[in-house]
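# Here's a sequence, model it:
(one chain, ligands or ions: 1)
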Amino acid sequence: APGLFWLSRDFRFADNPALAAACTDGPLLAVFCVDDLLMSQGAASRWRLEQALRAFDAALRKRTGGRGVLVLRGEPDRILPALVQNTGAQRIHQSDWPTAGMRAVQDRLRAALAPLGAGLELHGGHLLAHPAMLRSGAGTPYRVYTPFARALRQHGADRPGRDAPARITPCADDHQGLAIETLDLAPDMHRGRALLAKFALPAGAQQAEARLDTFLDQAAVYPAGRDHPDQPATSNLSEHLALGEISPRRIWAIASLRAAAEPALAPGITKFLSEVIWREFSWHLLIANPDLPTQPWRQEWSEFPWQQRTSALSRWEQAATGISLVDAGLREMRVTGRMHNRVRMVVASWLTKHMMTDWRLGLQHFADSLTDWDPAANAMNWQWVAGCGPDASPYFRIFNPVKQAEEFDKKGIYRRKWLAGFDGSAAPEAIAYHDSLPTDWHVARHWREDASDERLRGGREAALDAYNWFR
Ligand code: FAD
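Numbers count the residues shown, from 1 in each chain. Prediction:
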């Protein structure tokens with residue numbers, strides 16, 4: 001019988017115990033399902049997943065001597081049992097991706113496999129450590145980052161699992177799948193596709209490993225540079241992690257070895273790993289509380305009178321608030337599918353604190369637009385900025401976008417790049433975007449105008465409102 005590998009968000013060969021186990025079962029049949037769960041996700045992240053799938057397929061063909069991934073359209077609980085019946089496989093191997101949506105798909109699949117005497121086997125690899133291994137003194141999941149990070153450092157990351165073999169025997173199947181070359185997982189993305197392609201960082205597991213190595217070489221500049229959107233100091237590994245092109249356990253193992261070998265890099269690597277722990281923390285929170293993307297973690301926030309759909313929200317979505325750093329960030333995301341972390345915080349703070357708009361609307365816009373969309377990181381960070389998360393920035397803390405810009409984009413390099421009209425040096429794509437906006441939308445033409453924007457004062461007033469509301 002063949003080894004059935006259900007590819008989900010683990011587009012890699014190293015530390016992929018699900019794939020390794022399937023290769024041990026027998027000749028490999030690697031399947032990817034284009035299902036409702038995938039198609040309900042944001043277009044930019046689907047577009048990026050398509051790149052991951054292509055890169056994985058090409059690499060798999062090299063290992064098998066020509067056979068790649070079988071891509072089928074439909075629900076796993078219909079497709080996979082049929083494959084089990086046709087091939088006589090006993091079990092299906094999948095790397096776990098513990099979201100509520102995936103849990104529901106897995107449950108339906110288990111129910112459909114049971115009558116066939118077959119099962120679903122879930123493997124690790126998405127996380128540094130099993131959530132059960134990290135519990136507070138009271139035996140409950142951690143709600144605060146610092147003790148969580150301390151416990152994780154003490155426990156250490158789990159050791160990477162098995163790699164897939166260099167030579168893989170493929171299953172001689174005659175199933176007809178969708179052609180990967182012409183596959184379009186983001187048919188609803190009209191504009192913007194060419195832009196994403198133009199600004200895309202190369203996809204694939206090999207690229208992820210190379211990017212990690214290059215980043216570690218310059219990890220010494222990470223602590224001072226990581227907050228500056230005008231400097232290329234961060235790792236850009238988030239898309240790779242979101243698609244499982246590299247596992248966090250592998251990042252941990254490689255980075256730790258490097259820090260031990262080169263003490264000059266150690267402080268930078270420690271800081272970098274503390275960010276990888278933020279990712280881990282967000283997943284442990286999501287597992288403990290699957291409602292994280294939709295419900296405020298702190299109960300008292302559930303009645304908060306957020307603004308809902310307003311014209312101000314549309315302008316925020318269109319990157320036309322008139323506040324230069326906010327618009328620059330939103331335009332970077334629109335054009336590239338990514339946004340610098342510092343600017344994500346500023347943009348989210350503007351929406352929730354100055355515009356008093358429901359964080360879930362911002363979360364949705366990010367989920368629709370980010371190529372590194374990650375359900376846990378997105379939800380935890382939005383709740384953090386809004387003030388309703390477990391270990392959140394308090395509601396009276398407001399990012400002043402002008403001060404943030406003065407501190408982190410002193411020379412305006414970042415804003416010049418993404419805002420048209422400043423001095424004509426913006427990226428051509430940013431200029432084209434600017435020109436496509438309605439002319440009555442007054443967009444920051446000059447970043448020095450920011451300081452006199454009345455709405456900056458509005459932030460303080462809004463905070464006062466929030467304060468009174470909580471009293
Ligand atoms: P680096 O600084 O090199 O960090 C290394 C890795 O650590 C990242 O690749 C990422 O996996 C993880 N990481 C870093 N910062 C955070 C953080 N604050 N929270 C969780 N993990 C982190 N990140 C996503 O991957 N997907 C999202 O959908 C996402 N949504 C966000 C929404 C908001 C409102 C905010 C404020 C942040 C969000 N982030 C999200 C976190 C962060 O902005 C990105 O992970 C980071 O900008 C990616 O760049 P990098 O890989 O160069 O990061």
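# any chance you could map the strands in this structure?
3-6, 28-34, 70-73, 91-95, 119-123 (DSSP state E).
# which residues touch the second one?
By that I understand strand 28-34. When contacts are defined by C-beta atoms under 8 Å, 6 or more residues apart in numbering, strand 28-34 is touched by residues 2-8, 19, 22, 53, 60, 64, 68-76, 79-80, 83, 87, 89, 168-171, 173, 178, 183, 185. To be clear about C-beta, it is placed using only N, CA and C from the backbone, and glycine gets the same treatment.
# among those residues, which ones are buried?
Buried by 16 or more other C-beta atoms under 10 Å: 2-8, 19, 22, 53, 60, 64, 68-72, 75-76, 79-80, 83, 87, 89, 168-171, 173, 183, 185, out of the contacts of strand 28-34.
# residue contacts, residue 382?
Counted by C-beta under 8 Å, 6+ apart, residue 382 has contacts 348, 352, 359-360, 362-363, 366, 389.
# Please produce JSON lines containing those residues, extended by distance to residue 102, neighbour count and pLDDT.
What follows is the contacts of residue 382, written out as JSON lines (distance: C-beta to C-beta, whole Å; neighbours: other C-beta atoms under 10 Å; pLDDT from 0 to 100):
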{"residue": "348", "distance to residue 102": "25", "neighbour count": "24", "pLDDT": "97"}
{"residue": "352", "distance to residue 102": "28", "neighbour count": "27", "pLDDT": "93"}
{"residue": "359", "distance to residue 102": "23", "neighbour count": "24", "pLDDT": "97"}
{"residue": "360", "distance to residue 102": "20", "neighbour count": "18", "pLDDT": "98"}
{"residue": "362", "distance to residue 102": "24", "neighbour count": "25", "pLDDT": "98"}
{"residue": "363", "distance to residue 102": "18", "neighbour count": "21", "pLDDT": "98"}
{"residue": "366", "distance to residue 102": "20", "neighbour count": "24", "pLDDT": "98"}
{"residue": "389", "distance to residue 102": "22", "neighbour count": "23", "pLDDT": "90"}
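# so where is the protein shaky, pLDDT-wise?
By pLDDT under 70, the weakly predicted segments of the chain are 191, 420-426, 434-449, 451, 457-471.
# Can you name the residues of it sitting close to the ligand?
226, 234-238, 241-242, 272, 275-276, 278-279, 282, 341, 344-345, 348, 366, 370, 372-374, 377-378, 381-382, 385 (C-beta under 6 Å from any ligand atom).
# my guess is residue 127 meets residue 248, correct?
Yes. With contact defined as C-beta atoms under 8 Å, residue 127 reaches residue 248; the gap is 6.6 Å.
# So between those two, which is more surrounded?
Neighbour count, other C-beta atoms under 10 Å: between residue 127 and residue 248, residue 248 has more, with 25 against 22.
# so what's the backbone phi/psi at residue 390?
Backbone torsions of residue 390, given as degrees, to the nearest 10, read phi -60, psi -50.
# dump the residue contacts of it.
Residue 390 neighbours (C-beta under 8 Å, 6+ apart): 143-144, 285, 297-298, 383.
# Turn those into JSON lines, including neighbour count.
Listed next are those as JSON lines, based on neighbours: other C-beta atoms under 10 Å:
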{"residue": "143", "neighbour count": "17"}
{"residue": "144", "neighbour count": "11"}
{"residue": "285", "neighbour count": "24"}
{"residue": "297", "neighbour count": "20"}
{"residue": "298", "neighbour count": "16"}
{"residue": "383", "neighbour count": "28"}
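# which ones among those residues are found in helices?
Using DSSP state H, 285, 383 are the members of those that sit in helices.
# In a markdown table: the contacts of residue 390, plus distance to residue 332.
Below are these laid out as a markdown table (distance: C-beta to C-beta, whole Å):
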| residue | distance to residue 332 |
| --- | --- |
| 143 | 32 |
| 144 | 31 |
| 285 | 27 |
| 297 | 28 |
| 298 | 31 |
| 383 | 23 |
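# now, which of the contacts of residue 390 sits nearest residue 131?
Proximity of the contacts of residue 390 to residue 131 (C-beta to C-beta) peaks at residue 285, which lies at 9.7 Å.
# ok, the closest one to the ligand distance?
Note on residue 285: its distance to the ligand, by C-beta to the nearest ligand atom, to the nearest Å, is 10 Å.
# Hmm, that residue is touching residue 380, no?
Yes. Here residue 285 lies in contact with residue 380, judged by C-beta under 8 Å, at a distance of 5.7 Å.
# Can you pull the residues that touch both of the two?
Common neighbours of residue 285 and residue 380 (C-beta under 8 Å, 6+ apart) are residue 292.
# on that earlier part again, just the buried subset of the residues of the chain next to the ligand, please.
Neighbour-count burial (16+ other C-beta under 10 Å) applied to the residues of the chain next to the ligand gives 226, 234-235, 237-238, 241-242, 272, 275-276, 278-279, 282, 341, 344-345, 348, 366, 370, 372-374, 377-378, 381-382, 385.
# and residue 411, backbone torsions?
According to degrees, to the nearest 10, residue 411 has phi -90, psi 0.
# Name all residues that make contact with it.
Applying C-beta under 8 Å, 6+ apart, the residues near residue 411 are residue 230.
# ok, and the closest non-adjacent residue to residue 153?
In space, residue 153 comes closest to residue 277 once its chain neighbours are excluded; the distance is 7.9 Å by C-beta to C-beta, 6 or more residues apart in numbering.
# which ones are touching that neighbour?
Residue 277 touches 128, 145, 148-149, 152-153, counting by C-beta under 8 Å, 6+ apart.
# any chance of those residues in TSV, plus neighbour count and distance to residue 261?
Listed next are the contacts of residue 277 as TSV, based on neighbours: other C-beta atoms under 10 Å; distance: C-beta to C-beta, whole Å:
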residue	neighbour count	distance to residue 261
128	24	21
145	19	28
148	21	28
149	18	23
152	23	22
153	13	19
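# Mind picking the two most distant members of these?
Largest separation among these by C-beta to C-beta: 128 and 145, giving 14.1 Å.
# For stretch 176-186, which residues meet the burial criterion?
Residues 177, 180, 183, 185-186 are the ones in stretch 176-186 that count as buried (16+ other C-beta under 10 Å).
# So what would you say the end-to-end distance of it is?
One end of stretch 176-186 to the other measures 22 Å (C-alpha to C-alpha, to the nearest Å).
# Likewise for stretch 347-360?
Start to finish, the residues bounding stretch 347-360 are 14 Å apart (C-alpha to C-alpha).
# about what we covered before: looking at the contacts of residue 390, which one is closest to residue 203?
residue 285 (27.7 Å).
# My read is that residue 10 contacts residue 19, right?
Yes. In this structure, residue 10 is within contact of residue 19 by C-beta under 8 Å, at 7.2 Å.
# what is in contact with the two at once?
By C-beta under 8 Å, 6+ apart, the residues touching both residue 10 and residue 19 are residue 95.
# According to the record, where do the domains of this structure fall?
Split into domains by automatic domain parsing, the chain comes to 3-125, 127-159+205-288, 299-470.
# As a markdown table, those with distance to residue 193 would be great.
Output for the domains of the chain, formatted as a markdown table (distance: least, C-beta to C-beta, whole Å):
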| stretch | distance to residue 193 |
| --- | --- |
| domain 3-125 | 7 |
| domain 127-159+205-288 | 16 |
| domain 299-470 | 10 |
